[in-house]
Each structure stands twice: as C-alpha cells, then as structure tokens.
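Chemist: Just a sequence and a predicted model for now, questions to come.
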Amino acid sequence: MQKLIKKYFPLFALPTLIAFTISFVIPFVLGVYLSFTEFTTVTNAKWVGLNNYMKVFADKEFLNALWFTVKFTVVSVVSINVLAFVFALLLTRKIKGTNMFRTVFFMPNLIGGIVLGYIWQLIINGVLIKFDVTLTVSAKYGFWGLVVLMCWQLTGYMMVIYIAGLQNVPKDLIEAANIDGATKFGILRNVTLPLVMPSITICLFLTLSNSFKLFDQNLALTAGAPSKQTTMLALDIYNTFYGKAGWEGVGQAKAVVFFVMVALIVLVQLLLTRSKEVES
Amino acid sequence: MEQSLGTQRVNRVIFVIMLILAILFIAPILIVLMNSFKGRFYISDTPFQFPNSETFAGLSNYTSGIVKIGFFNAFGLSLFITVFSVGLIVLLTSMTAWYITRVKTKFTNLLYYIFVFSMIVPFQMVMFTMTKTANVINLDNPIGLIVIYIGFGAGLSVFLFSGFVKSIPLEIEEAVLIDGYNPAQSFFKIVLPLLKPIAITVAILNVMWIWNDYLLPLLVIGSEWKTIPIAIQYLKGGYGSIDMGAMMAMLVLAIVPIIIFYLFCQRYIIEGVVAGAVKG
C-alpha cells in the first residue's frame, strides 16, 4: 500500500510543502543567516559575526522590554490560570445556567487583539480619568491594564479546558476519599489536582506562549507609551525593524534571541509539568 | 444523587456570584455599544454615562466610520481571505498529514518534525524575511496572502490531522484498494469523511487566527489592502486625536459578526477548541 500511495506525492504533499517552504522554511533559514549580517535589503547583506547580538544585549530598550515581558508573563499566567481553575471548579458543581456562563466567559477569546486593546483603552481610561490620570501616564497603568485585558480574554478559554479535565476525574475516587475522611482541600490537592495535570500542562503552555509573544493587544492598548516603557519584546522587535533605519540586522538578531527564549520556556515547562502527570 | 440542603444553599450563592461575574464579562462590550451612539467628544471623558439628548448622536458614528475606513471593503476582504485560506488549509493539510502518516520514510518523518518545530517559532522570527520573500515572488496581494496562510497554518494543522489519521485502522483502506480504488479515491471517499471531527477543530482554530490576524496581512498587503483589524488600527492614524465616535462604531461592527458566528456554532467552537488543546 505504501508504494502505491508514494506515487501520489505531487498531489498530496507538494502543494502544502511549497507554501510551507515559501512562508516558513526559507524565511527561517534566511532569518538565522541575516542575524549575523548587516543589511537594509536582503541582497546587500554583509557578514558581521556576533556584532548584532552584542548590540542586542547592550540595547536598553530591548532589556527593558524583556524585563517588562517577563514580569507581565508571570503575573498574567498565574492570574489567568487561578481564575480559570476556580471558575471551572464552580461550574462543575451542577448549578443552574452552567452552559450560559460557559458561553459568556469564553466569548472574549474570539475577539481579535487589536479590537480588545481599544475596548479596554476606553474602559481603563474611563476609570482613570476619575483620578485625573490616563493609561499612558505611568507604565504601571499599562502593565495592569494588559493583565486585566489578558485575564478577560483568556480566562474563559482556559476554563473550558479545565472543565474538560475535571469532568474526567472519576467520581468514585472522590467518593472513596470522602469516605476515608479526607478534607475538601485534601481531596482537591491530592486527588483532583494530580488528575487534571494534563489540563494544567496545556493551559500553562497556551497562557505562557500567548503572554510572552503578545503583540496586537500591546500595540492597541498603549503602543509602548509612556516613552516605550510598556513595550513588550514582540513590539520592540517590530520597532527595531521598521522604526530604526540601519538596525535591520539587530532586529533579526533580537528575533533569533526571542525565538530561542520562547523555545526554551516552552520546552522546560512541558518537561516539568509532563513529569507530574499521573494515570487515573 | 439528591443534593443536600447545605449544598443547595452554597450552589445558590455560587449562582449569584457567577451571574455578577458574567455581567462584568459582558459589560465592556455593552459599554462600547452604548458609546457608539454618543457624539465623539462625549466618549473619552464620560464613557460610563448613558447617551442623553445632548450627547446622543444617532447613527452618525456608524456612517462616518464606515466611510472613513471603508468598512465594507475591509469586511469583504477579511471574509474572502479567511474563507479561502481556511478551506484550503483544511483540504491541503489533511492530505499532507495522511500522506506523511501512511508513507513511512526518513523524509516524511523529517517533514513531520519540521512541521511540529514550526509551531513554536514566533512570528517575529520570520516576519521580515517572509515579507521580503513574498515581495520578491509577487505574493504581496490577497491571493498570495492565502498561499502564505497555508504555509503558516500548516504546522499546527498537519500535527492535529496526523494525530487523528494514526487512529484510523489501516484495514479499511487496504480493503478498498484491493477493490480497485486508487489511493486518491480511497482518501477522498473513505478517509476524509472520517476526519470530519478534527477538520472542524482545525477549521475553527484557523478561522479564529486568520480573521483576527493583524501584523501578517499588514506587512504583506497592508500598503494597498485593509482587513478589518488593519482598518481599525488605521483609525488611530499617526499622531493627533482619534475620532472616538467612529472608533466605537467600528469596534461594534467588528465584534458583531464574530458574536453572531459564535452564538450559532458555539458548541462546535468550544468543543473544537478543547479538542485542539487536548491533542496539541
């Protein structure tokens, strides 16, 4: 059978491969190469070794964006997952209107980042004006604004994944623990949590990578204001490419550093949480 | 199992808390809707006030906003790009996933790992080089953008389809091949219908991504063409003030189609997203 199917390579695999090569493989390889060169258009690249990378780590704006992104990622990942898990616990108690609540909480996830950014700009500025300030007066407003926005967007999404995980926890295990006299908190910690670990792995992965790579929401909410203090990594890379003439090579080196960080974070997280997963 | 009186009381309290939270979750959208009927100068300062006889602006924000950003053109373009990209992604990547799962060689194995690898590469890594590549081979138009979306969507989609194809028993396909079907017939008549559940997941995940995507279309076709997110961001313009009235009205028009789509197929959307997350 394999031999028979093999002849159909041009029909089945080639179209996807051509598109994939054009939009991913070539740009990726070229991107790695260009990060070691100086260029304005791709054709005039000149090899400069590690020069660009040295400039990346000496660039205050990049380091500032890195620190802001790390802080933001930690705070938003923790708050989104705690909220989503609590919502999921409450909505698996067979209360009235569970489906309606699920529908409502999930909905913001469908709205695009640019639109989300402007919705929250209006709301947050509307609150802050009562204290005679705006979103762009201080970086801390932009920071917490982004956290609130991300919680609003992603809590419902993570909640539906946790609900699916909680529904897979066998009822008799909980009952057995109950009969053995375990406390509610003890059951949650020692029975439920280990069994929903696969959901936790997924939710941490999704919230980590979405927060760390955030761009649209950042651009629409504050665009980095005041004076680039709320610029996250993705936006800083964009600004380096398209806002600073002659810095294209540095921008590409930043992009490679960014990619390596994303890959490391994701791999470490997957290894750590996967190792905690148990079979029920 | 009957719920005890205590549990009933607790559940009633949870219901009320959830109801309040649900209202808080919808509130931002309602506030934007409310402000879209107010005059442009009455929005930023008092976003939480209902329109009154002085501030009510009727539909003027809508008419001016639609003209300003060419909303209907943007809507048509977003629809065109989303429908054709997602349709082609589902068709082409299911074919590719089937091919690389059924034909086991070193080459197909390598392809699979490159597809998986591409999933963790952030867009910024290939942003600049991909845009240049698209320019050079004349893909900087809506049709070309669809090709690029196929390439970018391939990683996740091939991965999800491959997981599903592995669970389809080989015997069915072997039997129809002996009956005189060729592999293409066996894929389209036997395998593809079996892939329907995962195809819905792939379609929904890609619709949510492409419909809301901002940076990729901006870089590839943004100088001549505007999708909805590009048109909204365009309202902000360079320096100076935003027309808040038009902004509110356009945010409403951007959200309404998504919410209608969501309410009609929310079961598929939530289940599809959970399935995609659990498999991914």
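Modeler: Sure thing, it's come through.

Chemist: Quickly find the element holding residue 155.
Modeler: Going with chain A. helix A:139-167 (DSSP states H and E).

Chemist: try chain B instead
Modeler: Residue-wise, B:Gly155 maps onto helix B:142-166 under DSSP H and E.

Chemist: Where do the strands of chain A begin and end?
Modeler: A:37-38, A:46-47 (DSSP state E).

Chemist: any idea which of those strands is most buried?
Modeler: When the strands of chain A are scored by mean count of other C-beta atoms under 10 Å in any protein chain shown, the highest mean neighbour count falls to strand A:37-38 (a mean of 18). Just so you know, the C-beta spots here come from the backbone N, C-alpha and C atoms, and that holds for glycine as well.

Chemist: That one: partners in the sheet, and parallel or antiparallel?
Modeler: Sheet pairing of strand A:37-38 (DSSP bridges) gives strand A:46-47 (antiparallel).

Chemist: which residues sit against stretch A:251-261?
Modeler: With contacts defined as C-beta atoms under 8 Å, 6 or more residues apart in numbering or on different chains, stretch A:251-261 is touched by A:31-32, A:34-36, A:52-53, A:55-56, A:59, A:62, A:212, A:233-234, A:236-237, A:240-241, A:244, B:121-122, B:124-125, B:127-129.

Chemist: Among those, name the ones in helices.
Modeler: Among the contacts of stretch A:251-261, DSSP state H puts A:31-32, A:34, A:52-53, A:55-56, A:62, A:212, A:233-234, A:236-237, A:240-241, B:124-125, B:127-129 in helices.

Chemist: before we move on, back to that, filter the contacts of stretch A:251-261 down to just the buried residues.
Modeler: The neighbour count (16 or more other C-beta atoms under 10 Å in any protein chain shown) marks A:31-32, A:34-36, A:52-53, A:55-56, A:59, A:62, A:212, A:233-234, A:236-237, A:240-241, B:121-122, B:124-125, B:127-129 as buried among the contacts of stretch A:251-261.

Chemist: So A:Ile129 is in contact with B:Phe48, correct?
Modeler: No - in this structure A:Ile129 lies outside contact range of B:Phe48 using C-beta atoms under 8 Å: 10.1 Å.

Chemist: in stretch B:91-100, what counts as buried?
Modeler: B:91-100.

Chemist: what's the farthest-apart pair in these?
Modeler: Greatest spatial distance among these (C-beta to C-beta): B:Leu91 and B:Ile100, at 15.6 Å.

Chemist: Near chain B, which residues of the stretch 51-200 of chain A are found?
Modeler: Neighbours of chain B within the stretch 51-200 of chain A, by C-beta under 8 Å from any C-beta of the partner chain: A:87, A:90-91, A:93-97, A:100-115, A:118-120, A:122-123, A:125-126, A:129, A:152, A:156-157, A:160-161, A:164, A:198-199.

Chemist: Adding mean pLDDT, write the strands of chain A out as a markdown table.
Modeler: A markdown table is the format used below for these (pLDDT from 0 to 100):
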| stretch | mean pLDDT |
| --- | --- |
| strand A:37-38 | 92 |
| strand A:46-47 | 89 |
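
Chemist: returning to that earlier point: with secondary structure, pLDDT and distance to A:Phe205 as extra columns, can I get the buried residues of stretch B:91-100 in CSV?
Modeler: Output for those, formatted as CSV (DSSP: H, G, I helix; E, B strand; the rest coil; pLDDT from 0 to 100; distance: C-beta to C-beta, whole Å):
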residue, secondary structure, pLDDT, distance to A:Phe205
B:Leu91, helix, 97, 28
B:Leu92, helix, 97, 26
B:Thr93, helix, 97, 21
B:Ser94, helix, 97, 24
B:Met95, helix, 97, 28
B:Thr96, helix, 97, 24
B:Ala97, helix, 96, 21
B:Trp98, helix, 96, 26
B:Tyr99, helix, 95, 28
B:Ile100, helix, 95, 24
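
Chemist: which of those are close to chain A?
Modeler: B:92-93, B:95-96, B:98-100.

Chemist: and which of those is nearest to B:Lys106?
Modeler: Lowest distance from B:Lys106 to these (C-beta to C-beta) belongs to B:Ile100, with 11.5 Å.

Chemist: burial measure for the nearest residue to the closest one once chain neighbours are set aside, as a count.
Modeler: Distance criterion C-beta to C-beta, 6 or more residues apart in numbering or on different chains; nearest residue to B:Ile100, sequence neighbours excluded, is B:Thr108 at 4.1 Å. By other C-beta atoms under 10 Å in any protein chain shown, 17 other residues sit near B:Thr108.

Chemist: Which helix or strand contains B:Thr108?
Modeler: Using DSSP H and E, B:Thr108 falls in helix B:106-119.

Chemist: between that helix and helix B:142-166, how many degrees?
Modeler: In terms of direction (axes from the mean of the first three to the mean of the last three C-alpha atoms, to 10 degrees), helix B:106-119 departs from helix B:142-166 by 120 degrees.

Chemist: residues of stretch A:133-147 that come out buried?
Modeler: The neighbour-count check on stretch A:133-147 (16+ other C-beta under 10 Å) flags A:134-136, A:139, A:141-143, A:145-147 as buried.

Chemist: between those residues, which is nearest chain B?
Modeler: A:Thr134 (8.9 Å; C-beta to the nearest C-beta).

Chemist: what about B:Ile31, how many neighbours?
Modeler: The tally of other residues near B:Ile31 (other C-beta under 10 Å) stands at 17.

Chemist: buried set for the helix or strand that contains it?
Modeler: Per DSSP H and E, B:Ile31 falls inside helix B:5-35. Residues of helix B:5-35 classed as buried: B:11, B:14-15, B:18, B:21-22, B:25, B:28-29, B:31-32, B:34-35 (neighbour count, 16+ other C-beta under 10 Å).

Chemist: can you narrow these to ones near chain A?
Modeler: Near chain A, by the rule C-beta under 8 Å from any C-beta, you find B:11, B:14-15, B:18, B:21-22, B:25, B:28-29, B:31-32, B:35 out of these.

Chemist: Could you pull up the mean pLDDT of stretch A:149-156?
Modeler: Taken as a whole, stretch A:149-156 carries a mean pLDDT of 96.

Chemist: Separate out the buried members of the residues of the stretch 51-200 of chain A next to chain B.
Modeler: Using 16+ other C-beta under 10 Å, the buried ones in these are A:87, A:90-91, A:95, A:101-115, A:118-120, A:122-123, A:125-126, A:152, A:156-157, A:160-161, A:164, A:198-199.

Chemist: Let's see which of the residues you listed end up in helices.
Modeler: A:87, A:90-91, A:101-106, A:113-115, A:118-120, A:122-123, A:125-126, A:152, A:156-157, A:160-161, A:164, A:198-199.

Chemist: any weak-confidence spans in the stretch 1-150 of chain B?
Modeler: B:1-3 (pLDDT under 70).

Chemist: 80 instead, please
Modeler: B:1-5 (pLDDT under 80).

Chemist: do chain A as well
Modeler: Looking at chain A by pLDDT under 80, you get A:1, A:41-42, A:277-280.

Chemist: what separates A:Lys184 from A:Gly142, distance-wise?
Modeler: Using C-beta to C-beta, to the nearest Å, we find A:Lys184 at a distance of 39 Å from A:Gly142.

Chemist: and what of B:Asn182?
Modeler: Taken as C-beta to C-beta, the span from B:Asn182 to A:Gly142 is 59 Å.

Chemist: and if you look at A:Ile202?
Modeler: 29 Å.

Chemist: likewise A:Arg274?
Modeler: Distance, A:Arg274 to A:Gly142, by C-beta to C-beta: 35 Å.
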